[in-house]
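Participant: how would this look folded up:
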Amino acid sequence: MFGDKEAILQDIDRLGIGYQIKLYATKKVDWQQYFHVLSLDSHQNDQLFLNCQPSITFSGLALSKEFTIKQISFLGKKSYFSGKLGFLSSKLAQRLIKIKGSSNSRWKCWVNINDKDQDFDLIITLDNGQKNHFGKIKIHPLKFRELGVNELKKPNNKQIIHKLNLIQKSRKIMAENLSKNKNYLFAIGNARSGTTALGKLLNFSPEICLGIERYGKEDDISAMSFEKENFFDVNSKGYSVRPHFYETIREKFDTAKYVGDKRPRFIESWKNTFLNLPQAKIVYIFRNIYDVACSYNVRASNAAQGLDKQWRTNRDFSEAVHDWNEGIQEIQNLARFYKVYFVKYEDFFVHRSKMIHLFNYLGVNPEEPKTKVGIEKTYKTALSVQKKARILADHEKEYIDANADFEAYNKLLFLYEKEFK
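Facilitator: Numbers count the residues shown, from 1 in each chain. Alright, predicted model coming up:
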């Protein structure tokens with residue numbers, strides 16, 4: 001049964017998201033010779049388990065005795081990370097400033113890790129040029145399944161047991177809803193790849209109730225997130241951004257076959273969602289990199305003119321390539337765990353038959369009047385959008401040609417075409 005704690009531990013191990021963090025001394029150094037206070041804390045994210053881009057947050061505090069602290073840094077095998085210097089708080093500053101000759105530094109940084117064992121050195125540089133190595137942070141994968149539930153019940157693992165209980169609760173609610181013919185659905189894809197159009201199309205159906213980025217990647221998406229009282233919580237951030245929209249879909253929530261969300265950034269946090277909702281259905285839309293890059297350029301230009309506050313001015317064609325590569329590579333990892341329905345942006349919306357095919361795949365009636373109207377509206381809009389000219393400079397095309405992962409893209413094309421054979 002997928003709701004048993006043993007099954008959950010097995011899924012954590014299959015996903016490869018359990019890590020252990022240890023601090024080791026690199027050499028015997030009397031840190032009290034140089035500092036009144038030296039601390040280093042390591043934190044996993046709030047969800048305890050890491051996502052598809054594993055990172056660990058480190059923070060610490062140092063208060064020197066004689067020399068001013070010039071720099072705090074983490075030195076790893078392949079990366080270099082510097083911390084920010086400055087007082088932690090006004091109250092702490094008042095306390096520390098009374099210590100003669102002191103300077104203090106508070107730092108916080110994010111260290112990306114890979115699947116292999118990895119360690120980092122903490123280095124504190126004083127203004128006299130002296131560098132002090134005070135510790136080694138060792139990060140390595142941890143097999144929760146080998147520990148077992150009984151081992152994890154020890155007092156120092158309370159957080160993990162609490163998390164396992166929440167996952168188990170989510171899976172139980174999911175199973176109950178599945179038995180009532182209510183499933184979970186996510187419309188996902190890279191930014192500027194048509195997730196909005198896909199979400200709108202699906203929402204035309206009275207049998208589908210999708211939020212619009214109702215929850216962010218920081219949220220722990222679970223079956224509880226899609227219980228009615230939470231989904232329509234007027235005090236929550238996701239609801240307050242689009243209150244009118246959520247009121248328009250409220251009336252179909254109880255009878256809908258699917259509840260879910262349009263989540264462009266799902267790819268960044270899908271592993272935690274899988275732990276909570278392993279039976280959800282995924283529709284993934286992808287688009288050719290040249291049009292994605294053009295769209296990034298337009299929004300970056302608008303941001304530079306102050307017309308788009310949701311976009312960064314430097315998030316242009318080059319970032320489009322990075323994001324696009326990351327997305328089309330990671331979706332193939334996701335597809336090892338979820339059954340994914342693939343949608344090609346340029347081809348899908350201009351063929352009524354392919355939109356109907358998707359509704360049939362979901363077991364939703366494409367002949368229902370509102371759904372038929374939605375398909376027709378989407379079709380006409382797609383035809384007009386296709387006529388718009390999209391222009392890239394020669395150097396931008398050359399950059400894309402040299403850096404885009406066309407091999408991964410071709411694999412997605414194969415999977416998409418396979419659906420209609």
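
Participant: Would you indicate which residues of the helix or strand harbouring Ala293 are buried?
Facilitator: In this assignment (DSSP states H and E), Ala293 forms part of helix 289-304. Using 16 or more other Cβ atoms under 10 Å as the test for burial, helix 289-304 gives 289-297, 299-300, 303. For the C-beta atoms, the positions are set from N, CA and C on the backbone; glycine is no exception.

Participant: do the same with stretch 314-329
Facilitator: Within stretch 314-329, the residues that count as buried by 16+ other Cβ under 10 Å are 315-318, 320-321, 323-329.

Participant: repeat for stretch 336-356
Facilitator: Here stretch 336-356 shows 338, 340-345, 348-350, 354-355 as buried, counting by 16+ other Cβ under 10 Å.

Participant: cool, stretch 160-171 as well?
Facilitator: In stretch 160-171, counting by 16+ other Cβ under 10 Å, buried: 160, 163-164, 166-168, 170-171.

Participant: next one: that stretch to chain centre, how far?
Facilitator: Stretch 160-171 sits 20 Å away from the centroid of its parent chain (Cα atoms, centre = their mean, to the nearest Å).

Participant: Phi, psi for the residue most central in space within the chain please.
Facilitator: When Cα atoms, centre = their mean is applied to the chain, the residue found nearest the centroid is Glu268 (2.6 Å). Note on Glu268: backbone dihedrals following degrees, to the nearest 10 are phi -80, psi -10.

Participant: and Pro206, which of the three is it?
Facilitator: With DSSP: H, G, I helix; E, B strand; the rest coil as the basis, Pro206 sits in coil.

Participant: count of neighbours near it?
Facilitator: 18 (other Cβ atoms under 10 Å).

Participant: and the gap between the spatially closest residue to it that is not a sequence neighbour and Ile208?
Facilitator: Nearest residue to Pro206, sequence neighbours excluded (Cβ to Cβ, 6 or more residues apart in numbering): Lys252, at 5.1 Å. Remark: distance between Lys252 and Ile208 (Cβ to Cβ, to the nearest Å) = 8 Å.

Participant: and the two? which has more neighbours close in?
Facilitator: For Lys252 versus Ile208, the count of surrounding residues by other Cβ under 10 Å is larger for Ile208: 24 against 16.

Participant: In the protein, what residue spans correspond to strands?
Facilitator: In the chain, the strands defined using DSSP state E lie at 19-24, 35-43, 55-64, 69-75, 80-82, 103-112, 118-126, 131-141, 183-189, 208-212, 258-263, 281-286, 340-344.

Participant: give me every residue that touches Phe317.
Facilitator: Residues in contact with Phe317, defined by Cβ atoms under 8 Å, 6 or more residues apart in numbering, are 293-294, 296-297, 392, 396, 399-400.

Participant: if you set the cut-off to 6 Å instead, what comes out?
Facilitator: Contacts of Phe317 were listed using Cβ atoms under 6 Å, 6 or more residues apart in numbering, and they are 293, 296-297, 396.

Participant: Equivalent analysis for Tyr341, please.
Facilitator: 283, 361.

Participant: What distance do you get for it to Ile282?
Facilitator: 7 Å.

Participant: and what of Phe274?
Facilitator: Spatial separation of Phe274 from Ile282 under the definition Cβ to Cβ is 10 Å.

Participant: same question, Leu198
Facilitator: 12 Å.

Participant: likewise Ile173?
Facilitator: Taking Cβ to Cβ, one finds Ile173 at 19 Å from Ile282.

Participant: So between the two, which is more surrounded?
Facilitator: Higher neighbour count among Ile173 and Ile282: Ile282, with 24 against 18, using other Cβ under 10 Å.

Participant: where does the chain have low pLDDT?
Facilitator: By pLDDT under 70, the low-scoring segments of the chain are 1, 20-31, 40-59, 74, 76-118, 134-140, 156, 387, 421.

Participant: Which residue ranges make up each domain of it?
Facilitator: Listed by automatic domain parsing, the domain ranges of the chain are 1-18+149-179, 19-141, 181-418.

Participant: for those, which one ends up most surrounded?
Facilitator: Burial of those is given as mean neighbour count (mean count of other Cβ atoms under 10 Å); domain 181-418 ranks first at a mean of 18.

Participant: how long is it end to end?
Facilitator: 28 Å (Cα to Cα, to the nearest Å).

Participant: how far out from the middle of the chain is that domain?
Facilitator: The answer for domain 181-418 is 14 Å, by Cα atoms, centre = their mean.

Participant: what residues are up against Asn276?
Facilitator: Contacts for Asn276 (Cβ under 6 Å, 6+ apart) come out as 167, 170, 222.

Participant: from these, which ones fall inside helices?
Facilitator: 167, 170 (DSSP state H).

Participant: Adding distance to Lys70 as columns, could you present the contacts of Asn276 in TSV?
Facilitator: Listed next are those as TSV, based on distance: Cβ to Cβ, whole Å:
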residue	distance to Lys70
Ile167	45
Ser170	48
Ser222	45
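
Participant: so how far is Cys209 from Asn183?
Facilitator: For Asn183, the distance to Cys209 - Cβ to Cβ - is 11 Å.

Participant: With distance to Ala191 added, can I get the buried residues of stretch 336-356 in TSV?
Facilitator: Conversion of those to TSV gives the following (distance: Cβ to Cβ, whole Å):
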residue	distance to Ala191
Tyr338	20
Val340	18
Tyr341	20
Phe342	18
Val343	15
Lys344	17
Tyr345	12
Phe348	18
Phe349	18
Val350	21
Lys354	23
Met355	22
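
Participant: Quick check: the two most widely separated of these?
Facilitator: Tyr338 and Val350 (26.8 Å; Cβ to Cβ).

Participant: returning to what we had before: tell me the one of the contacts of Phe317 nearest Ser240?
Facilitator: Closest to Ser240, out of all of these and judged by Cβ to Cβ, is Tyr296, at 27.7 Å.

Participant: where's Lys65 relative to Lys158, distance?
Facilitator: Computed as Cβ to Cβ, the Lys65 to Lys158 distance reads 37 Å.
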